[in-house]
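[1] got a predicted model here, sequence first, then my questions.
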Amino acid sequence: MKPTDRRQFISSLFGASVAAAALGQQPKLSYKGENIRFGLVTYMWGAEWDVPTLIENCTKAGIGGVELRVEHAHKVSHTLTEAQRKEARAAFADGGVELIGMGTNFEFHSADPDEVKRNIANAKDYIKLSHDVGGSGVKVKPNALPKEVAKEKTLEQIGKALAELGDYAIGFGQEIRLEVHGGVTDLGDIRTVMEVAKADNVKVCWNSNDKDLDGDGIEANFAKVKDYLGRTLHMRELNDAAAKVKYPYATLAKLLVDADYDGWTCLEGHKPPKGDEARVKGLIEQRELWTAMVTEARKTAGA
């Protein structure tokens, strides 16, 4: 990667002023983790913002990219005309905020073959949409394990559906991002699905679930899918004192840095502050908390 590219990545995570320090005044920071960027999923925190407001507030907060969750106020959907798609693409490009991709709810676990086919067909519409508006991928879900079907059969079915989507997405330069969600949050099961899909552009969207801590802990579970991680990852509020389980985000930062993760670590918060001004302030706080964790991890990368 060229030095200019690295500066771009660091700027999107830290902000321009801190990027200069990270590049020039902190030579002890490992190169690992330099491509970790902080973004936003519009779920909850940005659900009420139309495209201009979303871009404006992300710019104020130093957020370099957004994943557009479907059915939100941004109204970027498969129903857009060709002209409207060009307009949306231009808005994000001109606004300096990257449209990371579309966050859909399409799922492929159903015991009804026709339901699975409908979800695949609808996901394909959003693959094309993401391409047209400048995104790089589409998020989908596993999303459950029907009790009347053997788990192994359902996992294989999900994997095959993802393989079909991956093949379709190649022509549009898109990544299929399987969010670890719902009733399929065991990372061993997710690995099985990815082994069935067996496609370079079908990846895992880590979702910071409580189940990541089960068994031998987050390190062991992370290792199960590390080689399949895609360009997006989701996190809840990093300072949620009321959370039932205190998620070890500093450990996650360390794991991502040691893996030299290259992608967007996106806030998918559940408890947004009320009002735009407070929400922008909250986004800045979340970005700075994550920046501090990544920076600390980069000091000891490989140790």
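    All right, it came through fine. Residues are numbered from 1 along each chain as shown.
[2] pop out the phi and psi values for Leu283.
    With angles defined as degrees, to the nearest 10, Leu283 sits at phi -60, psi -40.
[3] next, count neighbours for it.
    24 (other C-beta atoms under 10 Å). C-betas here are computed from N, CA, C, even on glycine.
[4] cool, the one 5 residues further on as well?
    If you count neighbours by other C-beta under 10 Å, Glu288 ends up with 16.
[5] now do whichever helix or strand it is part of, average pLDDT.
    For Glu288, the host element (DSSP states H and E) is helix 276-299. Across helix 276-299, the average pLDDT comes to 98.
[6] pull out the buried residues from it.
    Buried positions in helix 276-299, judged by neighbour count with 16 or more other C-beta atoms under 10 Å: 279-280, 282-283, 286-291, 293-295, 297-298.
[7] stretch 66-85 now?
    Result for stretch 66-85 [16+ other C-beta under 10 Å]: buried residues 66-70, 72, 74, 76, 78, 80, 85.
[8] quick check: end-to-end length of that stretch?
    16 Å (C-alpha to C-alpha, to the nearest Å).
[9] check stretch 202-220 too.
    Per C-alpha to C-alpha, stretch 202-220 runs 22 Å from first to last residue.
[10] now that stretch: average pLDDT?
    98.
[11] surely Ile120 is in contact with Leu165?
    Yes - applying C-beta atoms under 8 Å, one finds Ile120 in contact with Leu165, separated by 6.5 Å.
[12] where along the stretch 1-150 of the chain do the helices fall?
    Taking DSSP state H, counting those that start in this stretch as the test, the helices found in the stretch 1-150 of the chain are 3-14, 16-20, 51-61, 82-95, 113-133.
[13] make CSV out of the ones you listed and add distance to Asn221.
    Converted to CSV, those look like this (distance: least, C-beta to C-beta, whole Å):
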stretch, distance to Asn221
helix 3-14, 24
helix 16-20, 31
helix 51-61, 31
helix 82-95, 34
helix 113-133, 26
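[14] distance to Glu175 and mean pLDDT for those helices - can I get that in TSV?
    Formatted as TSV, the helices of the stretch 1-150 of the chain follow (distance: least, C-beta to C-beta, whole Å; pLDDT from 0 to 100):
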stretch	distance to Glu175	mean pLDDT
helix 3-14	17	50
helix 16-20	26	49
helix 51-61	21	98
helix 82-95	17	98
helix 113-133	9	98
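[15] nearest residue to Pro273 in space, please, no chain neighbours.
    Nearest residue to Pro273 in three dimensions, chain neighbours excluded: Gly282, at 4.6 Å (C-beta to C-beta, 6 or more residues apart in numbering).
[16] and for Lys226?
    Nearest in space to Lys226, with sequence neighbours left out and distances taken as C-beta to C-beta, 6+ apart, is Ala259 at 5.6 Å.
[17] pretty sure the one you found sits against Leu233.
    No - using C-beta under 8 Å, Ala259 is not in contact with Leu233; the gap is 11.1 Å.
[18] these two: which has the busier surroundings?
    Leu233 (24 against 17).
[19] for that one, give me its contacts.
    The neighbours of Leu233, taking C-beta atoms under 8 Å, 6 or more residues apart in numbering as the test, are 205-208, 256, 261, 263-266.
[20] go through stretch 220-228 and flag the buried ones.
    Buried residues in stretch 220-228 (16+ other C-beta under 10 Å): 221-222, 224-226, 228.
[21] for stretch 249-262, same thing?
    In stretch 249-262, counting by 16+ other C-beta under 10 Å, buried: 249-259, 261.
[22] that stretch - what's its average pLDDT?
    98.
[23] about what we covered before: which one of the helices of the stretch 1-150 of the chain lies closest to Glu237?
    helix 51-61 (14.3 Å; C-beta to C-beta).
[24] run through who's touching the helix or strand hosting Leu255.
    Per DSSP H and E, Leu255 falls inside helix 249-258. For helix 249-258, contacts defined as C-beta under 8 Å, 6+ apart pick out 30, 32-33, 36, 208, 218-219, 222, 226, 233, 235, 238, 265, 290, 293-294, 296-298, 300-302.
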